[in-house]
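no FASTA, just this:
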């Protein structure tokens, strides 16, 4: 136990032969058992363990006839409004916290005189307070004992711990501005005659270390409160009754929490579909990557292994100087100034342009020439082995796929992956997460829609259309087949139709009934205003006094 020399001498003095007061001994026994029952595991020491064992078997603790030692960890009450902490007087930087580390009260009940006449011997130690702070606390504990003696004496330790827990921070440690200053002479009210008490033991080496201790304690307290709270909100399905134990902080770079069920579903979908680069924070305005340990928790071992494999593959694919060996598929770094690459795994030397064996002095074969060579090889060797035939078929399939992509596909401007469009609009989303325009091939900024003309009544940044005319026609024909009553656009010739309005999004012709400017497109189901040519999300916000007229 970390007792000062002065305290040890005082203990030795009272350790001599003295007459034991039976009443004091009984009170000491009751007090130690009371402290053990109140503080539980936060009360420590051999005498505490002996008292705890006696209580467990229903016996009376009989060790109070000698000096009793105990250490109590006092957790200071958390301030809901928080308080500011300043490390040194030379800086104005402050941090706002709500909780502090514990203060440890070590004490010894003397064999004679306590609690009727003599106080306990005690020391205070903390890893976040200075000498002046601890000296002020010990002085106040002495003052509390003197007041106790004036009232006739009695057990004092619990009163000490309660004052430390509830009032010490506000009364003794914070200044008039509510700031805890961690410097050695931090007490603004301490005069020149203020003496440091050796019973206050400082465990921090400097103010910065004390500051870190406070930050750690505050973070632990916040997390404990968060986990204990049962009315947290999940940002995905906006439920406000989620337990903290069921929420996960998905990234260390942001403070967004989502329930484990939503994170699990999202992770399974992206791993199953191979879009692991989109495994980011679900918040709409955040793009922080999800921490691997969170994904490992929600994914099984097999799926997490697939996630790591896909992530490595996608990362390598996004690197412009990485090529794959056509023989063993091992990634190799290419030299931009040379067409020759030698695989470090199988030592195969190949051309970086056509992926064929290195051919110095000759041009690369195009797709048609490569297919012709493969066909000629097949005709010249009709007795191919099963393995050779399999490899030949793979080469034919790869060459045919390359020819098809070269004919009808386009390359992503970000990762150079080949993309083939078979339906939909001209805004393309690559597997790397990049948006680009199918018409002009440019990389799109933001959500990409500002690039196109006449989307949400905006002129657009280019001459490109979001939908091609043939795509719109095909969509209208498909909708007409699904809705026979609309076939031939019979709704346009309806007796109540007063005018024709073109959809803002898909350009389909729609009938306006009874001069109602609010139109719902029959083709894409979008709602728009025929008067101002804008998409309408809520009619109550768009129509009314000072706004567009819905009728007329």
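Happy to help now that I have it. For clarity, every value in this text was computed on a predicted model and none was experimentally measured. Numbers count the residues shown, from 1 in each chain.

SS state for the residue positioned nearest the centre of the chain?
For the chain, residue 251 is the residue whose C-alpha lies nearest the centre (CA atoms, centre = their mean; 2.8 Å). Counting by DSSP: H, G, I helix; E, B strand; the rest coil, the backbone at residue 251 sits in coil.

now it. Nearest residue, chain neighbours left out?
Of all residues not flanking residue 251 in the chain, residue 288 sits nearest, at 3.7 Å (CB to CB, 6 or more residues apart in numbering). All C-beta atoms are positioned from the backbone trio N, CA, C, and that covers glycine.

next one: the one you found, what pLDDT does it get?
For residue 288, the pLDDT comes out at 90.

for residue 1, same thing?
Per-residue pLDDT puts residue 1 at 43.

kindly report the same for residue 79.
86.

that one and residue 98 touch, don't they?
Yes: at 5.5 Å, residue 79 counts as touching residue 98 under the criterion of CB atoms under 8 Å.

for residue 454, give me the pLDDT.
Looking at residue 454, the pLDDT reads 62.

number the chain from 184, please
OK, 184 is where the count begins now, so the last one is residue 637.

assumed residue 585 was part of a helix.
Yes: remark: residue 585 belongs to a helix, assigned using three-state DSSP.

wait, doesn't residue 356 sit right on residue 312?
Yes: judged on CB under 8 Å, residue 356 makes contact with residue 312 at a distance of 7.4 Å.

more neighbours, those two?
Taking other CB atoms under 10 Å, residue 356 and residue 312 do not tie; residue 312 has more neighbours (29 against 21).

next up, the contacts around the more buried one.
Going by CB atoms under 8 Å, 6 or more residues apart in numbering, residue 312 touches 286, 320, 356, 365, 383, 385, 387, 393.

tell me the buried residues in stretch 383-402?
383-387, 390, 393-394, 396-397, 400-401 (16 or more other CB atoms under 10 Å).

which of these lies closest to residue 645?
residue 401 (51.8 Å; CB to CB).

what is the subsequent helix or strand relative to the one helix or strand that closest one maps to?
Per DSSP states H and E: residue 401 is located in helix 390-411. Later in the chain than helix 390-411, the nearest helix or strand by DSSP H and E is strand 415-417.

what pairs with that following strand, parallel or antiparallel?
strand 422-425 (antiparallel) (DSSP bridges).

just to be sure, residue 660 is in a strand?
No: applying three-state DSSP, one finds residue 660 to be helix, outside a strand.

for residue 331, see how far away it is.
94 Å (CB to CB, to the nearest Å).

what about these two, which has more around it?
Taking other CB under 10 Å, residue 660 and residue 331 do not tie; residue 331 has more neighbours (17 against 11).

wait, that one touches residue 341, no?
No: taking contacts as CB under 8 Å, residue 331 lies outside contact range of residue 341: 11.4 Å.

state the distance from residue 214 to residue 341.
For residue 214, the distance to residue 341 - CB to CB - is 8 Å.

okay, those two: which has more neighbours?
Higher neighbour count among residue 214 and residue 341: residue 214, with 22 against 14, using other CB under 10 Å.

double-check that that one belongs to a helix.
Yes: using three-state DSSP, the secondary structure at residue 214 is a helix.

got a list of what it touches?
Residue 214 touches 292, 298, 338, 340-341, counting by CB under 8 Å, 6+ apart.

can you do 6 Å?
For residue 214, the contact set (CB atoms under 6 Å, 6 or more residues apart in numbering) comprises residue 338.

give me the contacts around stretch 296-309.
190, 194, 207, 210, 286-287, 289-293, 317, 320-321, 328, 336-338, 382-384, 386.

what's the average pLDDT for that stretch?
Mean predicted lDDT for stretch 296-309 stands at 90.

quick revisit: ok, of the contacts of stretch 296-309, which come out buried?
Among the contacts of stretch 296-309, those buried by neighbour count (16+ other CB under 10 Å) are 190, 194, 207, 210, 286-287, 289-293, 317, 320-321, 328, 336, 338, 382-384, 386.

among those residues, name the ones in strands.
When DSSP state E defines the strands, the subset of these inside them is 286-287, 289-292, 383-384.
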